[in-house]
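>>> Sequence and computational prediction follow.
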Amino acid sequence: MIAGVDTATSVLHPIRLETSDWSHLHAALSAARLPTGDLLLTGRRFFRIGPDGKAACYGGLKGNGPDLLLRSVVVPPPARGRGAGRATMLALETEAARLGAVRLHLLTTTAAAFFQGLGYRPAERAAAPPAIAATAQFTSLCPGSATYLVKHIGPGAADET
C-alpha cells in the first residue's frame, strides 16, 4: 500500500512535477543517496506516484523518441515490499510508452535484481544509443560499475529481442 492505496488492485497514475514541486523529490533522492546534481538540466520529466508527502514514490524519464532513460526511481522504506515499486514502474513504463518510447534504459548500482524481475535485461554500456550514452547518468553521475539494463516497451516491443 502507498498511504492507503492498495497497489495490488489499484492503477497508479504518475503526476508530472513542476520545478516548483521538486523539494519533496530532492529530499527523497537525497534520502535514498541518489544523484540530484542534474535535476535542473533540460529534458527531464519527474513524476510523483501516489499521494504527496513521505509515502510518495518518485521517478523520472529523460529524453525523447524511442529511447528514454529511466531516472532515479525512489520508493520510500515504508512502502517497500508491498508492491509500490512494481506499481511505480508500471506507471512510469506506461507514461514512457504514451510519450512514444519503445525502449527504457537505466543504470543501477543497487537494484539490478529488482529491475530484472520486471523484465529489464543487462546490456553492454557501449551498445547504448548515443542520446542515452550522452546523459549525465552515463557520463558522470553513475559509476562505471553500475549495471546497464534495457527493457522493450510500447509498440513493437514484442517484435524486438
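That came in fine, so what should we check first? Numbering: from 1, shown residues only.
>>> What are the buried residues along stretch 110-125?
111-112, 114-115, 120 (16 or more other CB atoms under 10 Å). Glycine gets a C-beta too; all of them are placed from N, C-alpha and C.
>>> I should have written stretch 85-97 there, sorry.
Buried positions in stretch 85-97, judged by neighbour count with 16+ other CB under 10 Å: 85, 87-97.
>>> Equivalent analysis for stretch 46-62, please.
Buried-residue list, stretch 46-62, by 16+ other CB under 10 Å: 46-50, 55-62.
>>> Please tabulate the residues you listed in a markdown table, including the columns distance to Leu141 and secondary structure.
Formatted as a markdown table, the buried residues of stretch 46-62 follow (distance: CB to CB, whole Å; DSSP: H, G, I helix; E, B strand; the rest coil):
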| residue | distance to Leu141 | secondary structure |
| --- | --- | --- |
| Phe46 | 15 | strand |
| Phe47 | 19 | strand |
| Arg48 | 21 | strand |
| Ile49 | 22 | strand |
| Gly50 | 25 | coil |
| Ala55 | 26 | coil |
| Ala56 | 22 | coil |
| Cys57 | 20 | strand |
| Tyr58 | 16 | strand |
| Gly59 | 16 | strand |
| Gly60 | 12 | strand |
| Leu61 | 16 | strand |
| Lys62 | 11 | strand |
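>>> Quick one: list the elements packing against the strand ranked longest in the chain.
What stands out as the longest strand in the chain, according to DSSP state E, is strand 67-74. With contacts taken as 3 or more CB pairs under 8 Å, 6 or more residues apart in numbering; DSSP states H and E, strand 67-74 sits against helix 22-31, strand 57-62, helix 84-98, strand 103-108, helix 130-133.
>>> low-scoring stretches of the protein, by residue?
1-12, 51-55, 155-161 (pLDDT under 70).
>>> switch the cut-off to 90
Across the chain, the ranges flagged by pLDDT under 90 are 1-29, 31-57, 64, 71-72, 75-88, 91, 110, 136-137, 140-144, 154-161.
>>> Identify the residue nearest the geometric centre of it.
Here the mean C-alpha position of the chain is nearest to the C-alpha of Leu70 (CA atoms, centre = their mean), at a distance of 3.8 Å.
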